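Enquirer: Return atomic coordinates for the entry below.
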Amino acid sequence: MKKLLAATDETILLGMRRGDHITYLEVMESSRSIRYSAKPGDIKPLHSSAIGKAMPSTLSDSELLAVVRKVGMKKVTDSTIVTIDGLLEDIRISRQSNLFITHGENVPDVMVIAVHIELGGEPLGVAITGPIGRIKKNQAEYGEHLIALIQHFSQLEKATALACII
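Expert: Okay, here's the model as predicted:
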């Protein structure tokens with residue numbers, strides 16, 4: 001996470017699914033004056049957060065559908081995807097690149113790019129977040145950083161991976 005923060009100077013999030021929502025476990029905020037601000041323990045919806053979309057992405061479509069029906073799809077912002085078909089399509093497309101993205105779906109004017117990783121058998125999400133304009137401009141570079149993170153952790157032993165995340 002420190003390397004991502006150093007490479008991007010955008011807020012970096014580590015989260016996990018807890019029941020019907022995502023809980024941030026660690027937050028490393030950007031030093032920029034205009035940034036996304038959060039704190040560990042913050043709770044976000046599954047359907048409108050990038051980490052929330054990344055977490056169930058490893059499920060089959062039928063399992064994913066069951067989760068979405070159980071959790072619901074409350075409109076959080078004007079950009080929130082609120083149809084099951086729309087969310088399933090968004091996740092299917094995101095699975096191709098392993099990058100899960102929101103454009104103001106959870107917080108207006110904030111874009112988030114997230115990936116799903118496994119550490120010690122625990123599914124987690126890591127995200128880069130900030131103002132839409134700045135994240136969009138750097139989307140390809142930030143996506144490469146996150147894909148490199150997935151590759152890095154897939155090669156580590158479980159104990160080493162847990163010690164390295166922060």
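
Enquirer: First-to-last residue distance for stretch 39-59?
Expert: 28 Å (C-alpha to C-alpha, to the nearest Å).

Enquirer: Also stretch 112-127?
Expert: Using C-alpha to C-alpha, the end-to-end distance of stretch 112-127 comes to 6 Å.

Enquirer: And that stretch, what's buried?
Expert: Going by neighbour count (16 or more other C-beta atoms under 10 Å), the buried part of stretch 112-127 is 112-117, 119, 124-127. Quick note: C-beta positions are derived from backbone N, CA and C, even for glycine.

Enquirer: With stretch 79-92 instead?
Expert: Buried residues in stretch 79-92, counted by 16+ other C-beta under 10 Å: 79-81, 87, 90-91.

Enquirer: Extract the C-alpha set from stretch 90-101 and format it as CSV.
Expert: As requested, the backbone C-alpha atoms of stretch 90-101 are provided in CSV (Å, rounded to 0.1, in the frame of the first residue of the first chain):
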residue,chain,number,x,y,z
ASP,A,90,-20.5,-4.0,-15.1
ILE,A,91,-18.9,-6.8,-13.1
ARG,A,92,-18.7,-9.1,-16.1
ILE,A,93,-16.8,-6.4,-18.1
SER,A,94,-14.6,-5.7,-15.1
ARG,A,95,-13.6,-9.4,-14.7
GLN,A,96,-11.9,-9.2,-18.1
SER,A,97,-9.3,-6.7,-16.9
ASN,A,98,-9.5,-7.6,-13.2
LEU,A,99,-10.1,-3.9,-12.5
PHE,A,100,-13.3,-2.8,-10.8
ILE,A,101,-14.2,0.8,-11.3
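
Enquirer: How far does it sit from its chain's centre?
Expert: Here the centre of stretch 90-101 is set off from its chain's centre by 11 Å, with C-alpha atoms, centre = their mean, to the nearest Å.
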